[in-house]
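Colleague: Quick check, what structure comes out for this input:
(one chain, ligands or ions: 2)
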Amino acid sequence: MSERVPRVAITPGEPAGIGPDLVCQLGMHASAAQRVVVADLELMRQRARQLSLPVEFTPFDADQPAVADHPGVMHVMPGVQISAPAQAGQLNPANAQYVLETLKKAADGCLQNLFSAMVTGPVHKGVINDAGITFTGHTEFLAERCGQVLPVMMLVADDLRVALLTTHLPLRAVADAVTAERLIAVLRILQADLQAKFKIDQPRIVVAGLNPHAGENGHLGDEECRIIIPVLDQLRREGMHLEGPLPADTLFTPRHLRDADAVLAMYHDQGLPVLKHVGFGHAVNITLGLPMIRTSVDHGTALDLAGTGQADIGSLEAALQMAVDLSQKAPLSSSASR
Ligand SMILES: NC(=O)c1ccc[n+]([C@@H]2O[C@H](COP(=O)([O-])OP(=O)(O)OC[C@H]3O[C@@H](n4cnc5c(N)ncnc54)[C@H](O)[C@@H]3O)[C@@H](O)[C@H]2O)c1
Ligand SMILES: N[C@H](C(=O)O)[C@H](O)COP(=O)(O)O
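Modeller: Ligands and ions are numbered 1, 2, ... in the order given. Have a look, this model is predicted:
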């Protein structure tokens with residue numbers, strides 16, 4: 001039987017950032033997948049010329065079978081047009097809607113089984129909001145596009161997987177978002193996706209406390225006693241393998257991580273600095289809880305590097321590889337991998 005060739009959508013993200021550069025760099029290498037870039041064709045050709053990279057961007061034809069990409073060739077989804085000419089390093093709110101259109105087309109293509117996964121380059125949250133559009137991140141945007149599901153952000157670097165209870169929230173709002181309902185839902189999604197996507201039968205999850213020293217028995221905050229401990233007890237009775245809540249300052253030490261399949265941090269900057277310290281440059285961001293596979297880079301738009309050819313492609317390569325691996329593990333419909 002012949003191997004399936006996954007067809008993977010790639011959104012370069014903010015046109016003024018390093019996303020288009022990295023996609024051009026990616027195009028220089030062969031791939032086990034057919035990579036379909038969801039972006040403006042002329043933007044991609046222009047950035048390849050700017051970087052002196054001999055990548056040929058050709059229009060994608062959905063009626064042709066997916067064939068693994070040769071070096072120097074990439075497909076671009078037709079009919080995706082930027083609003084204003086993009087200049088590397090110069091944000092322009094006029095292109096915010098274009099950026100969101102690329103995400104919608106890629107996500108809808110996944111939901112319709114045209115693509116087996118989507119890989120996202122970095123967007124600039126600020127410029128999208130400057131354009132008058134409320135936007136906190138791909139994670140929340142895609143969850144809404146998929147019908148208001150609860151998304152779980154997880155970043156992976158080497159053996160370390162760090163998932164977050166809350167995603168892009170101001171720190172002031174985090175404590176109120178630590179509710180029993182959210183914690184139960186997130187832990188169930190994390191367990192289910194570790195089983196389904198990562199093939200870990202009985203995942204062991206280490207859960208961080210919210211407060212210093214996990215609340216010091218209620219003397220430094222009561223979310224652990226009121227919410228986290230009772231929820232973990234309840235879910236343990238249901239058979240989940242949970243450790244914690246542990247003080248976050250010592251949770252990320254070899255003793256606790258040795259047997260852990262994933263860590264659940266309570267908020268963005270409790271978990272991600274550790275993960276990025278270990279793996280910035282080759283870590284992958286994956287959204288759990290969606291009815292599709294979405295992986296992403298571990299970095300932002302790096303406007304300072306856009307158009308220079310100096311941006312590191314490691315995380316985009318790792319995100320594509322994870323998307324291919326996951327889509328080969330997951331059952332696929334025929335159209336996304338013909
Ligand atoms: N996946 C995403 O869409 C994503 C992720 C993180 C941040 N962002 C957004 O990106 C924007 C800028 O954020 P930031 O400045 O905090 O983070 P950033 O990742 O853009 O930059 C942080 C530092 O890392 C460097 N860097 C980033 N990517 C690199 C690469 N591939 N190779 C070499 N160096 C690299 C930058 O030059 C900079 O010095 C913000 O709007 C933020 O919200 C988007
Ligand atoms: N929280 C992510 C990170 O720090 O890498 C980043 O902001 C991207 O998030 P989205 O994938 O939701 O855009």
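Colleague: Flag every residue of the stretch 51-200 of the chain that's near ligand 2.
Modeller: Taking Cβ under 6 Å from any ligand atom, the part of the stretch 51-200 of the chain that reaches ligand 2 is made up of 137-139. Backbone N, C-alpha and C define where each C-beta goes, glycine included.
Colleague: Would you format the residues you listed as a markdown table with secondary structure, distance to G209 and neighbour count included?
Modeller: Supplementary listing: those in a markdown table, determined by DSSP: H, G, I helix; E, B strand; the rest coil; distance: Cβ to Cβ, whole Å; neighbours: other Cβ atoms under 10 Å:
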| residue | secondary structure | distance to G209 | neighbour count |
| --- | --- | --- | --- |
| G137 | coil | 24 | 19 |
| H138 | helix | 28 | 27 |
| T139 | helix | 23 | 24 |
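Colleague: how about the residue of the stretch 101-250 of the chain found nearest ligand 2, what does it touch?
Modeller: Scanning the stretch 101-250 of the chain for proximity to ligand 2 using Cβ to the nearest ligand atom identifies G137 as nearest, at 2.8 Å. Contact analysis of G137 by Cβ atoms under 8 Å, 6 or more residues apart in numbering lists 125, 167-168.
Colleague: same deal with L51?
Modeller: Residues in contact with L51 (Cβ under 8 Å, 6+ apart) are 21, 24-25, 307, 309.
Colleague: biggest separation within the residues you listed, which pair?
Modeller: Spatial extent of the contacts of L51 (Cβ to Cβ) is set by the pair Q25 and G307 at 12.4 Å.
Colleague: where in the stretch 1-150 of the chain is pLDDT low?
Modeller: Where the stretch 1-150 of the chain drops to pLDDT under 70, the residues are 1-3.
Colleague: Which positions in it make contact with ligand 1?
Modeller: So the stretch 1-150 of the chain meets ligand 1 at 13, 18, 122-126, 138 (Cβ under 6 Å from any ligand atom).
Colleague: With distance to V67 as new columns, can the residues of the stretch 51-200 of the chain next to ligand 2 be given to me in JSON lines?
Modeller: Output for those, formatted as JSON lines (distance: Cβ to Cβ, whole Å):
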{"residue": "G137", "distance to V67": "33"}
{"residue": "H138", "distance to V67": "28"}
{"residue": "T139", "distance to V67": "31"}
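Colleague: which among the residues you listed gets closest to ligand 1?
Modeller: Compare each of those with ligand 1 using Cβ to the nearest ligand atom and the shortest gap goes to H138, at 5.9 Å.
Colleague: Not counting sequence-adjacent ones, nearest residue to that closest one?
Modeller: Nearest in space to H138, with sequence neighbours left out and distances taken as Cβ to Cβ, 6 or more residues apart in numbering, is T120 at 5.4 Å.
Colleague: beta partners of that neighbour?
Modeller: Here T120 sits in beta bridges with T11, S296, as judged by DSSP bridges.
Colleague: tally of neighbours for the residue nearest to A39 when sequence neighbours are not counted?
Modeller: Nearest-residue entry for A39: P12, 5.0 Å, with adjacent residues in sequence omitted and distances by Cβ to Cβ, 6+ apart. For P12, the neighbour count with other Cβ atoms under 10 Å is 29.
Colleague: Who are the contact partners of P12?
Modeller: The neighbours of P12, taking Cβ under 8 Å, 6+ apart as the test, are 19-20, 22-23, 37, 39, 44, 102, 121.
Colleague: separation between it and ligand 2?
Modeller: P12 is 14 Å from ligand 2, where distance means Cβ to the nearest ligand atom, to the nearest Å.
Colleague: chain center to stretch 18-32: distance?
Modeller: Between the centre of stretch 18-32 and the centre of its chain there are 17 Å (Cα atoms, centre = their mean, to the nearest Å).
Colleague: Could you show which parts of the stretch 201-338 of the chain are in contact with ligand 2?
Modeller: Residues of the stretch 201-338 of the chain found near ligand 2 (Cβ under 6 Å from any ligand atom) are 268, 272, 285, 296, 298.
Colleague: So which of those are in strands?
Modeller: Taking DSSP state E, the ones among these that sit in strands are 285, 296.
Colleague: With distance to G218 added, can I get the residues of the stretch 201-338 of the chain next to ligand 2 in JSON lines?
Modeller: Written out in JSON lines, the entries for those read as follows (distance: Cβ to Cβ, whole Å):
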{"residue": "H268", "distance to G218": "25"}
{"residue": "L272", "distance to G218": "27"}
{"residue": "N285", "distance to G218": "34"}
{"residue": "S296", "distance to G218": "38"}
{"residue": "D298", "distance to G218": "36"}
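Colleague: Spell out the secondary structure type for the residue in the chain that ligand 1 sits nearest to.
Modeller: Taking Cβ to the nearest ligand atom, ligand 1 has its nearest neighbour within the chain at G300, 2.3 Å off. Under the three-state scheme (DSSP: H, G, I helix; E, B strand; the rest coil), the conformation of G300 reads as coil.
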